[in-house]
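Peer 1: Sequence first, predicted model second:
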Amino acid sequence: MRGGSLFSGIGAPECAAPEIDWRWAAEIDPFAAAVYRTRFPGVPNLGDVTAVRWQEVDHVDVVIFGSPCQSFSLAGQRGGLDDPRGHLALVALEAVRHLRPRWFIFENVPGLLSSGGGWDFATFIRTVADYGYGL
């Protein structure tokens, strides 16, 4: 099985699932990207998810992502999808739409469920369904 990760950090999914053939990652934080590069030297970093041309990226069977959580967190400002960091969850779904993996795994903080009075999560789930995926 081939996989790719978005907002990859230091490679937690890759460490947790070494049996997956990790084809690419996407991370912009310099420190996290350096750690990732050391751990997985053969896996290319696509960088900023908003700038990737997804039609040119290797097909994978699974995409794993946990977009930045600050805008959804109960400890944060609760900007939700209106916050550029929160909107990255929808950007990641656009990547899924283009890549059409068999599966994708999304993780985030519990505050996502109540962000925007629940409308942010409803928007996310509606987008998942619009792109042909289910839960």
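Peer 2: Great, that's in hand. Since this is a predicted model, take the numbers as computed values, not measurements.

Peer 1: And the strands in the chain, which stretches?
Peer 2: Ranges of strands within the chain are 2-6, 21-26, 62-65, 103-106, based on DSSP state E.

Peer 1: Need the ones you listed in CSV (columns: distance to residue 77).
Peer 2: Glycine gets a C-beta too; all of them are placed from N, C-alpha and C. Below are the strands of the chain laid out as CSV (distance: least, CB to CB, whole Å):
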stretch, distance to residue 77
strand 2-6, 23
strand 21-26, 25
strand 62-65, 22
strand 103-106, 22
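
Peer 1: what would these look like in a markdown table with distance to residue 52 and mean neighbour count?
Peer 2: As requested, the strands of the chain are arranged in a markdown table below (distance: least, CB to CB, whole Å; neighbours: other CB atoms under 10 Å):
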| stretch | distance to residue 52 | mean neighbour count |
| --- | --- | --- |
| strand 2-6 | 9 | 24 |
| strand 21-26 | 7 | 20 |
| strand 62-65 | 12 | 23 |
| strand 103-106 | 15 | 17 |
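
Peer 1: JSON lines for the ones you listed, including mean pLDDT?
Peer 2: Converted to JSON lines, the strands of the chain look like this (pLDDT from 0 to 100):
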{"stretch": "strand 2-6", "mean pLDDT": "98"}
{"stretch": "strand 21-26", "mean pLDDT": "98"}
{"stretch": "strand 62-65", "mean pLDDT": "97"}
{"stretch": "strand 103-106", "mean pLDDT": "96"}
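
Peer 1: closest one to residue 80 among these?
Peer 2: Relative to residue 80, the nearest member of these by CB to CB is strand 103-106, separated by 15.7 Å.

Peer 1: how distant is stretch 97-109 from the center of its chain?
Peer 2: Between the mean C-alpha point of stretch 97-109 and the mean C-alpha point of its chain there is a distance of 7 Å (CA atoms, centre = their mean, to the nearest Å).

Peer 1: Check stretch 101-110 too.
Peer 2: Centroid separation for stretch 101-110 versus its chain: 7 Å, with CA atoms, centre = their mean.
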